[in-house]
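Q: got a predicted model here, sequence first, then my questions.
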Amino acid sequence: MSFTTLGLSAPILKAIQDQGYTEPTPIQKQAIPVILSRRDILAGAQTGTGKTAGFTLPLLQLLSTTKPTKPKQSVRALILTPTRELAAQVGESVEVYGKYLSFKSAIIFGGVKINPQLTQLRRGVDIVIATPGRLLDHISQKSIDLKDVEFLILDEADRMLDMGFINDIKKILAILPKQKQTLLFSATYSEEIKKLSDKLLNSPVLIEVARPNRASESVKQAVYPVDQVRKRELLVHLINEGKWQQVLVFTRTKHGANRLTGQLEKDGITAVAIHGNKSQNARTKALADFKNGEVRVLVATDIAARGIDIDQLPHVINYELPNVPEDYVHRIGRTGRAGSEGEAISLVCIDEHEYLANIEKLIKNDIPKVWLKDFKPDPTIKAEPINQGGNRGQKGQRPSNKSGGGKAGNAKSSQGSPKSSSGGRRRDK
Ligand code: AMP
C-alpha cells in the first residue's frame, strides 16, 4: 500500500516523498482514512510507530480542504503534548509535512521567553502545538484565542495524566468549542484514559497498533545482571567494546544522571545529561549535540526523555530500571523505531529484581539474560531497598508501585547483614 491510496493531496504527498517514506506505517494506514472521514479517534500507539505523521498528515489535509469557520486570526487546530521536547518535535513534523502548504504554526511551551510567542500569536496562527502549562498562561493573558478550534489532538495523553496535567487539561477543554474533531493518542490504556476519552470523544473509532503495554518487536532486549557498584564499569565496557557512537542511557534520578555524565566524561566518553532541572536551552543543545554526533551518550531521566525522537537510535541502556514498569516500555520505544532494529540493554543489580519481575509481567515475556564472565554479580551481596531520593514528590513522579514498596519492606530485613552494609553501594539521590 502506498500513500497515494490514502486520499492525501499532492502537496502533502510531495512532502512525504521528500522525507523518503515509501509506505505508510500500520497506524498511518488505519488512522489517516478515519481522520479524513471526520471521526474522532482513540488510538493506542507508542512513539516510534509513526503516529505523529498519522495525525499530522490528515490534519493538514482537512485544514487545506475546508474553509476556516471563523476569520483568519483564530487558531484552527490545537495539539497538546506532555513535554517541551515532544511539542518541538510535533511542531517540526507540522512544518516538514506542511512545507508545500501555507499554514502558520506556533510551538508554545514554558521555560523560554513568552514575548516571541506573543508576537507570533498576535500575527495569527492556524495550528498551535503546546504543553498545557504555558498554554494556560496565554489563555489567562488572553493572548490566544481558542474559541474556534476545529481540531483537538491530545498526544501521549497517558503521559499527560501521569505528569499531573489533568486539571490543566480540563481547564483548556472548558474553553474549547463543543463542536470539534478530537484525536486522542495514548501508549497505554488506564482507567483515567478511559474516563477522559468517554468525556471527550464523540463515538470514537478505536485504533490500536502494537498492543498496549507490549514492548516493540523490533527491539532486541537483554538484561545484564551486574552488581550496582560495577554498573558504570560495565557500561563503559559495552560502549567501548561495541564502539557505540550513539547511546541513550536512562537513570532514575536527575542527580544520578548528572553524576553518571561526569563519570563517563572522566572515562573519556563524551556525555551530556538531560533532565527537568536543565534549562530549555540546555536541553535543546544537549539533544542537538547528541543528534549530530558531538556527544556519544545522552543520559536522561524518564520525564526528560519522553518524546525524544532520534531516527534509528541504535542503543538504549537502562542503567537503572524504572520503578514504574510502563516506563520501561516507553524507554525502549526510543530505539527500533519505524522499522529499524534497535537494542535495549538493562543493567540489573540484585536490588532491582522485583522491578524486573514487574516489567516482565507487564510485557508478558522474559527478557533474555546475558551473563558476562567478568561482571558476574557477587552472590553474597543481599538486596537493599532502592532509594527514590531526588525524584520524590516532584511533578511527574508517580507513586512507586505496591510491589516496589513490598520489596523495600522485605529488603529491609537484610540491611543489617555485614555484607550488605559493607557493600559500598552507591545510591542515586
Ligand atoms: P513517531 O512515532 O511519530 O514518533 O515517528 C517515529 C519515526 O518514524 C519518525 O522519525 C518519523 O520520521 C518516522 N516515520 C514516520 N512515518 C514513516 C513512514 N511512513 N516511513 C518511514 N518512517 C516514518
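A: Arrived safely.

Q: where's residue 262, which helix or strand?
A: helix 254-266 (DSSP states H and E).

Q: packing partners of that helix?
A: helix 231-242, strand 271-274, strand 297-300 (3 or more Cβ pairs under 8 Å, 6 or more residues apart in numbering; DSSP states H and E). (C-beta placed from N, C-alpha, C; glycine too.)

Q: quick one: closest of these to residue 102.
A: Checking the helices and strands packed on helix 254-266 against residue 102 by Cβ to Cβ gives strand 271-274 as the closest, at 34.3 Å.

Q: could you dump that closest one to CSV, C-alpha only?
A: Output of strand 271-274 as CSV, limited to C-alpha atoms (Å, rounded to 0.1, in the frame of the first residue of the first chain):
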residue,chain,number,x,y,z
ALA,A,271,28.3,12.5,27.5
VAL,A,272,25.6,15.0,28.4
ALA,A,273,22.6,14.9,30.8
ILE,A,274,19.1,15.9,30.0
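
Q: average pLDDT across it?
A: Per-residue pLDDT over strand 271-274 has a mean of 93.

Q: and the ligand, is the very next helix or strand once past it touching that?
A: Next helix or strand after strand 271-274 toward the C-terminus (DSSP H and E): helix 280-291. No: figure legend: helix 280-291 not in contact with the ligand (Cβ under 6 Å from any ligand atom); closest approach 11.4 Å.

Q: and what of stretch 145-157?
A: No: Stretch 145-157 lies out of reach of the ligand by Cβ under 6 Å from any ligand atom, never closer than 8.9 Å.

Q: ends of that stretch, how far apart?
A: End-to-end distance for stretch 145-157, by Cα to Cα, to the nearest Å: 23 Å.

Q: ok now that stretch, how far from the chain's centre?
A: Relative to its chain's centre, stretch 145-157 lies at 20 Å (Cα atoms, centre = their mean, to the nearest Å).

Q: how many residues are close by the residue of the stretch 151-300 of the chain found nearest the ligand?
A: Nearest residue of the stretch 151-300 of the chain to the ligand: residue 155, at 8.9 Å (Cβ to the nearest ligand atom). Neighbours of residue 155 under the rule other Cβ atoms under 10 Å: 27.

Q: quick check, pLDDT for it.
A: Per-residue pLDDT puts residue 155 at 96.

Q: with residue 45 instead?
A: For residue 45, the model assigns a pLDDT of 82.

Q: rewinding a little: pick the most buried one from the helices and strands packed on helix 254-266.
A: For the helices and strands packed on helix 254-266, average neighbour numbers computed from mean count of other Cβ atoms under 10 Å are highest in strand 297-300, which has a mean of 28.

Q: re earlier: can I get the helices and strands packed on helix 254-266 in CSV with distance to the ligand?
A: Formatted as CSV, those follow (distance: least, Cβ to the nearest ligand atom, whole Å):
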stretch, distance to the ligand
helix 231-242, 23
strand 271-274, 17
strand 297-300, 16
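
Q: how far away is residue 24 from the ligand?
A: Relative to the ligand, residue 24 is positioned 5 Å away (Cβ to the nearest ligand atom, to the nearest Å).

Q: now do the helix holding residue 262 and helix 231-242, the angle between them.
A: 50 degrees (axes from the mean of the first three to the mean of the last three Cα atoms, to 10 degrees).

Q: would you mind listing the buried residues in helix 254-266?
A: By neighbour count on 16 or more other Cβ atoms under 10 Å, the buried set for helix 254-266 is 254-261, 263-264.

Q: and it, C-alpha only, in CSV?
A: What follows is helix 254-266 as a C-alpha-only set of coordinates in CSV (Å, rounded to 0.1, in the frame of the first residue of the first chain):
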residue,chain,number,x,y,z
LYS,A,254,18.4,13.8,37.9
HIS,A,255,21.3,13.6,40.4
GLY,A,256,22.1,10.1,39.1
ALA,A,257,22.1,11.4,35.5
ASN,A,258,24.5,14.3,36.4
ARG,A,259,26.8,12.0,38.3
LEU,A,260,27.0,9.4,35.6
THR,A,261,27.6,12.0,32.9
GLY,A,262,30.6,13.3,34.9
GLN,A,263,31.9,9.8,35.4
LEU,A,264,31.7,8.9,31.7
GLU,A,265,33.5,12.1,30.7
LYS,A,266,36.3,11.1,33.1
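
Q: show me which residues of stretch 157-164 are buried.
A: For stretch 157-164, a neighbour-count test (16+ other Cβ under 10 Å) marks 157-163 as buried.

Q: same deal with stretch 1-17?
A: Across stretch 1-17, burial judged by 16+ other Cβ under 10 Å covers 3, 6, 8, 11-13, 15-16.
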